[in-house]
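1. Sequence first, then the predicted structure, then my questions.
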Amino acid sequence: AERRTVVKHFATRTVCWDLGTLMMAAVPVWPIRQQGCRHSRTRIMAGHSGSGKPRPMPGRRRRNSIVGVLYAQGLGVRRDLTEASNWYRKAADGGVAVGMRNLGALYEQGRGVEKDLAQAASWYRKAADLGDPVAMRFLGMMYEAGTGVPKDLAQAENWYNKAAGAGDTLSAEAVKRLVR
């Protein structure tokens, strides 16, 4: 079987990522024909600038979140959580729920940004309002523990139920735990 790679062309270099690694990191890839490339025909489209760094792409806000994942995981670029937070913010400012959730996680853990639980809860809430089930679960966890928000088991159960209704199995388990 042919080993498939994902190729990112920066202005000054070409970086390849193993497709399996990206799939494990839940990074979607788009099949695109790359002319003159001796690598696989699948690559991440993230744009580039003369500096060799990715640049934000108008109209492609979700991809900004993907570039954030690449920086957060150190996939093909030097791991840099501050840079990841910048990309997540670009995606979040563009209305991308995954970017909001990932930015909330960085604030909750104090990785790449100063730890701020209230800010984390705010970003989770914005993502949850857009229908992100994982953000709903994270918000439920914050209400259950009273971190970043006042402790409120009724709110926690409400968010867990919404997340479970959206298909998040871990939230369904959390509801069972709360009801006991």
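-> It's in. Here the structure is a predicted model, which is why all the values come from computation and not from measurement. Numbering: from 1, shown residues only.
2. Can you show me the CA trace of stretch 90-98 as PDB?
-> Presented in PDB, the C-alpha positions along stretch 90-98 are these (Å, rounded to 0.1, in the frame of the first residue of the first chain):
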ATOM      1  CA  LYS A  90      -8.800  34.200  13.900                       C
ATOM      2  CA  ALA A  91     -11.100  31.300  13.400                       C
ATOM      3  CA  ALA A  92     -13.200  32.100  16.400                       C
ATOM      4  CA  ASP A  93     -13.600  35.800  15.300                       C
ATOM      5  CA  GLY A  94     -14.800  34.400  12.000                       C
ATOM      6  CA  GLY A  95     -17.600  32.400  13.800                       C
ATOM      7  CA  VAL A  96     -16.000  28.900  13.700                       C
ATOM      8  CA  ALA A  97     -17.200  26.900  16.700                       C
ATOM      9  CA  VAL A  98     -14.100  24.600  16.700                       C
END
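3. hmm, who's touching that stretch?
-> Applying C-beta atoms under 8 Å, 6 or more residues apart in numbering, the contact partners of stretch 90-98 are 56, 61-62, 64-65, 68, 99-100, 102-103, 123, 126-127, 130-132, 135. C-beta: built from backbone N, CA, C; applies to glycine.
4. Flag the shaky bits of the protein, pLDDT-wise.
-> Across the chain, the ranges flagged by pLDDT under 70 are 1-60.
5. if we go to 50?
-> Applying pLDDT under 50 to the chain picks out residues 1-52, 56-59.
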